[in-house]
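> Fold the following and give me the result.
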Amino acid sequence: MKTRFKPKFNIKKGDLVVVISGEDKDRTKARKVLEVIVDATNPKVLVEGVNIITKHTKPTAQNTKGGIVKQEAPISLSNVMLWDAKAGKATRVSRQRENGKVVRIAKKSGEVIK
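Down below sits the predicted model:
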């Protein structure tokens, strides 16, 4: 199914976020976003050290031993909030135009998110 409009998300790869719900919920610890999986119906995000799963791998040419590998699995985008370093808390995001470019602004501190 083709989508007419590209969805816009407030969280990008490399941002610091906090997990606000689920098994790894911790509103005080900021973690790095490794990947944002864009899907119009169910967007997901891969966060460092969150939702660790064990994956059984067969031996291949690259990995001759195989075995059990622990890795992160994606979680829903709605379960994370952007971390505001100045306020030291999770924050919501607004968008504003500055010099013809759209920038993200943290609601708690009013700082521009780069």
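> so how far is the first residue of stretch 45-63 from its last?
Chord length of stretch 45-63, first to last residue, is 26 Å (C-alpha to C-alpha, to the nearest Å).
> try stretch 6-26
Span of stretch 6-26 from end to end, C-alpha to C-alpha: 31 Å.
> Now do Lys6 against Val38, distance only.
Lys6 is 8 Å from Val38, where distance means C-beta to C-beta, to the nearest Å. Yep, even glycine has a C-beta here, placed from its N, CA and C like the rest.
> which of these two has more neighbours?
Val38 (12 against 7; other C-beta atoms under 10 Å).
> which stretches of the protein form strands?
Applying DSSP state E to the chain gives strands spanning 16-19, 26-37, 44-47, 52-57, 67-72, 75-76, 80-84, 89-91, 93-98, 101-106, 112-113.
> Can you tell me which of the ones you listed is nearest to Asn10?
strand 93-98 (4.0 Å; C-beta to C-beta).
> Buried residues, the closest one. List them.
Val93 (16 or more other C-beta atoms under 10 Å).
> Now do that strand: everything it contacts.
10, 82, 102-107, 112-113 (C-beta atoms under 8 Å, 6 or more residues apart in numbering).
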